[in-house]
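# model this:
(2 chains, ligands or ions: 4)
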Protein chains: 2
Amino acid sequence: MTASTPQRGEMRYEGKAKRVYATPEPGEYIVEYKDEATAFNAQKRGGWQGKGATNNAITAHLYPVLEAAGVPTHFVRKLSDTEQLVKAVTIVPVEVIVRNVAAGSFSKRLGIEEGTPLDHPIVEYCYKSDALGDPLINTDTALSLGWATEPQLLRIRELALKIRGVLVPYFLARGVKLIDFKLEFGTLPDGTVVLADEISPDTCRFWDAETNEKMDKDRFRRDLGGIEDAYAEMLRRVTAPAAEGRDPRAES
Amino acid sequence: MTASTPQRGEMRYEGKAKRVYATPEPGEYIVEYKDEATAFNAQKRGGWQGKGATNNAITAHLYPVLEAAGVPTHFVRKLSDTEQLVKAVTIVPVEVIVRNVAAGSFSKRLGIEEGTPLDHPIVEYCYKSDALGDPLINTDTALSLGWATEPQLLRIRELALKIRGVLVPYFLARGVKLIDFKLEFGTLPDGTVVLADEISPDTCRFWDAETNEKMDKDRFRRDLGGIEDAYAEMLRRVTAPAAEGRDPRAES
Ligand SMILES: Nc1ncnc2c1ncn2[C@@H]1O[C@H](COP(=O)(O)OP(=O)(O)O)[C@@H](O)[C@H]1O
Ligand SMILES: Nc1ncnc2c1ncn2[C@@H]1O[C@H](COP(=O)(O)OP(=O)(O)O)[C@@H](O)[C@H]1O
Ligand SMILES: [Mg+2]
Ligand SMILES: [Mg+2]
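Numbering: from 1, shown residues only, chains lettered A, B, ... in the order given. Ligands and ions are numbered 1, 2, ... in the order given. This is a model prediction of the structure:
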């Protein structure tokens, strides 16, 4: 693998927030982060200039942190403001949500007040299908309908909890509570399960550790304003060193 | 425990399909089966004379079959056409759905055609809450919100699959495909997890093995007509001996 910038080939996939391009290397894709924001399965649309660059930078900063902690990922390297090089994977069509504190759809569905800490982390699985609105499933369903194998599901759960164990103290040391986050996994040609897609304010709930102010896509979903500033502040915190005096193990 | 009919004490609970009464024995309740039918969280209402007696008779026939196969249940004995004596339990507020074939809410949620056989049985969990419409959850959620302990959840899953292993061949030997079924479990004062509530055409999907005709509450939910006859026919089949020539292991 050379460190020169590979050429973009044909677009393989355009999603709500990113475009995926082939490269001359069959095992690698270029992911381009767009400036669009969508919510509620794309019924609500918005965005701003620089959003793609912010999410690209946050993801590109966090993936090496996870790799260093032993989490295999699709990430190769950042290519430009809005692009990164990744390993091409077959995405497992099961989105994984890890919850530390009740919020969002979970709070609504179960009548648990947003902000209620959870005694144990909750790992939820959804079928990745825009047409069906990413419905909640469980591992029996994923297995029975052939969306993942049993070893893959066990590995995905193990990695999801490991990622939580890395990210919760990482963010806390930077003044941010990680409320919940959504992950996607994929498989390499040799079958290895790796973390794919992004980790950004689009896919996590971040609350300021002191004020509980929301610093993520809920500002867009709920029309709270100040979304550009919140994303920019999250990029600053993610790339900042751990604050002294904060015990990163406090909420792990 | 005497074989005389215990006196009904005060009503402890009135649900959509049954009433639960205290008895002079603190560890025992009388369950009375009502003639009412409800669907879609009681938004649709109906019923007919004799429904309670039919569901009482079906449940009272099946519970000893399960006990004989090693499944502990709350069932003590049938008292009258519409009443049975049961052990008082603390109901675990987690409804358990076991699916053999895609149908109902599962088919709708996941876009899987009703009638599609499932490669592996699927065990789903819902939070028992009329106010919230019995939302789908998973075992992490039940654990984290304190609705059940980890050993209880493991035992409940084990029992649910064991019950499936008994009921699928039992029904098949009587010309009925068990598509899916809903179970409730409770705990005795000593902590033992036992099967509680009913097993009836209200809580199972039964399809005729030859014609796939529905013989359960879907006739009411979907206004298919002939519901009284279907329930009566199910009672006849449940209480009939296994048909000769049918291999009860064929679909187990
Ligand atoms: N390494 C990868 N290989 C192949 N596909 C990937 C990889 N990483 C992410 N993807 C997929 O690319 C798409 C990214 O675009 P995005 O706009 O987030 O899509 P979506 O609208 O599905 O959320 C997603 O469908 C994601 O699953
Ligand atoms: N052995 C038992 N001890 C205590 N409660 C029970 C027992 N068996 C069933 N129940 C509860 O009694 C109620 C039965 O009434 P039903 O009309 O089915 O109620 P629902 O409207 O909740 O479905 C249910 O809530 C069920 O959980
Ligand atoms: Mg996406
Ligand atoms: Mg009931």
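# going forward, measure contacts between C-alpha atoms and count neighbours the same way
Fine.
# ok, residues contacting stretch A:44-64?
With contacts defined as CA atoms under 8 Å, 6 or more residues apart in numbering or on different chains, stretch A:44-64 is touched by A:17, A:32-39, A:73, A:75, A:77-78, A:81-84, A:198-202, A:221, A:228, A:231-232, A:235, A:238-239.
# Just the buried residues from those, in ChimeraX please.
For the buried members of the contacts of stretch A:44-64, the matching ChimeraX selection, counting by 16 or more other CA atoms under 10 Å in any protein chain shown, is:
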select /A:17,32,33,34,35,36,37,38,39,73,75,77,78,82,83,84,198,199,200,201,202,221,228,231,232,235,238
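# Out of the contacts of stretch A:44-64, which sit inside strands?
If you go by DSSP state E, the contacts of stretch A:44-64 have A:32, A:33, A:36, A:37, A:38, A:39, A:75, A:77, A:78, A:83, A:84 in strands.
# Roughly how far does the fifth one sit from chain B?
From residue A:38 across to chain B, the span is 22 Å (CA to the nearest CA, to the nearest Å).
# Look up which residues are beta-bridged to that residue.
Listed beta-bridge partners, residue A:38: residue A:45 (assigned using DSSP bridges).
# residues contacting it?
By CA under 8 Å, 6+ apart, the contact set of residue A:38 is A:16, A:17, A:44, A:45, A:46, A:47.
# ok, the helix or strand residue A:165 falls within near chain B or not?
If you go by DSSP states H and E, residue A:165 is part of helix A:150-172. No: contact between helix A:150-172 and chain B is absent, the nearest approach being 11.4 Å (criterion: CA under 8 Å from any CA of the partner chain).
# The next helix or strand after that helix pairs with which strands, and in what direction?
For helix A:150-172, the following helix or strand on the C-terminal side (DSSP H and E) is strand A:176-187. In the sheet, strand A:176-187 lines up against strand A:90-91 (antiparallel), strand A:94-101 (antiparallel), strand A:193-196 (antiparallel), strand A:204-208 (antiparallel) (DSSP bridges).
# Please identify the buried residues of strand A:176-187?
In strand A:176-187, counting by 16+ other CA under 10 Å, buried: A:176, A:177, A:178, A:179, A:180, A:181, A:182, A:183, A:184, A:185, A:186, A:187.
# Can I get the residues you listed in CSV including pLDDT and distance to residue A:91?
As requested, these are exported to CSV (pLDDT from 0 to 100; distance: CA to CA, whole Å):
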residue, pLDDT, distance to residue A:91
A:176, 98, 29
A:177, 98, 28
A:178, 98, 24
A:179, 99, 25
A:180, 99, 21
A:181, 99, 18
A:182, 98, 14
A:183, 99, 11
A:184, 98, 7
A:185, 99, 6
A:186, 98, 4
A:187, 98, 7
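# interface residues of chain A facing ligand 1?
Where chain A comes near ligand 1, counting by CA under 6 Å from any ligand atom, the residues are A:15-20, A:74, A:86-91, A:196-197.
# Could you point out which of those residues is nearest to residue B:168?
For these, the residue nearest residue B:168 by CA to CA is residue A:91; the value is 35.5 Å.
# neighbours around the closest one, how many?
Neighbours of residue A:91 under the rule other CA atoms under 10 Å in any protein chain shown: 19.
# Not counting its neighbours along the chain, what's nearest it?
Nearest-residue entry for residue A:91: residue A:186, 4.0 Å, with adjacent residues in sequence omitted and distances by CA to CA, 6 or more residues apart in numbering or on different chains.
# Can you give me the domain boundaries for chain A?
Here the domain parsing of chain A from automatic domain parsing is A:11-89, A:91-226.
# Which one, of those domains, ends up nearest to residue B:108?
domain A:91-226 (9.2 Å).
# how long is the closest one end to end?
33 Å (CA to CA, to the nearest Å).
# what distance separates stretch A:9-26 from the centre of its chain?
18 Å (CA atoms, centre = their mean, to the nearest Å).
# Quick check: phi and psi at the residue nearest the centre of chain A.
By CA atoms, centre = their mean, the mean C-alpha position of chain A lies nearest to residue A:199, the distance being 2.9 Å. With angles defined as degrees, to the nearest 10, residue A:199 sits at phi -130, psi 110.
# Please apply the same query to residue A:47.
Main-chain dihedrals, residue A:47, degrees, to the nearest 10: phi 140, psi 170.
# you'd agree residue A:102 is up against residue A:115?
Yes: contact criterion CA atoms under 8 Å: residue A:102 and residue A:115 qualify, at 5.5 Å.
# Those two - which one has more neighbours?
Taking other CA under 10 Å, residue A:102 and residue A:115 do not tie; residue A:102 has more neighbours (21 against 15).
# Contacts only, for that one.
By CA under 8 Å, 6+ apart, the contact list for residue A:102 reads A:112, A:113, A:114, A:115, A:116, A:117, A:118, A:179.
# Just the buried ones out of these, please.
With burial judged by 16+ other CA under 10 Å, the buried subset of those is A:112, A:117, A:118, A:179.
# Report how many residues lie close to residue A:165.
Other residues near residue A:165 come to 15 when the count uses other CA under 10 Å.
# about what we covered before: out of the contacts of residue A:102, which one sits closest to ligand 1?
The closest of the contacts of residue A:102 to ligand 1 turns out to be residue A:179 (CA to the nearest ligand atom; 19.9 Å).
# distance of that closest one from ligand 2?
33 Å (CA to the nearest ligand atom, to the nearest Å).
# ok, back up a step: reformat the domains of chain A into CSV and put distance to residue B:162 next to each item.
Listed next are these as CSV, based on distance: least, CA to CA, whole Å:
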stretch, distance to residue B:162
domain A:11-89, 37
domain A:91-226, 16
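# so which residue of the stretch 101-250 of chain A comes closest to ligand 2?
Of all residues in the stretch 101-250 of chain A, residue A:110 sits closest to ligand 2, at 17.1 Å by CA to the nearest ligand atom.
# Go ahead and confirm that residue touches residue B:132.
Yes: applying CA under 8 Å, one finds residue A:110 in contact with residue B:132, separated by 6.8 Å.
# Between the two, which is the more surrounded one?
residue A:110 (20 against 13).
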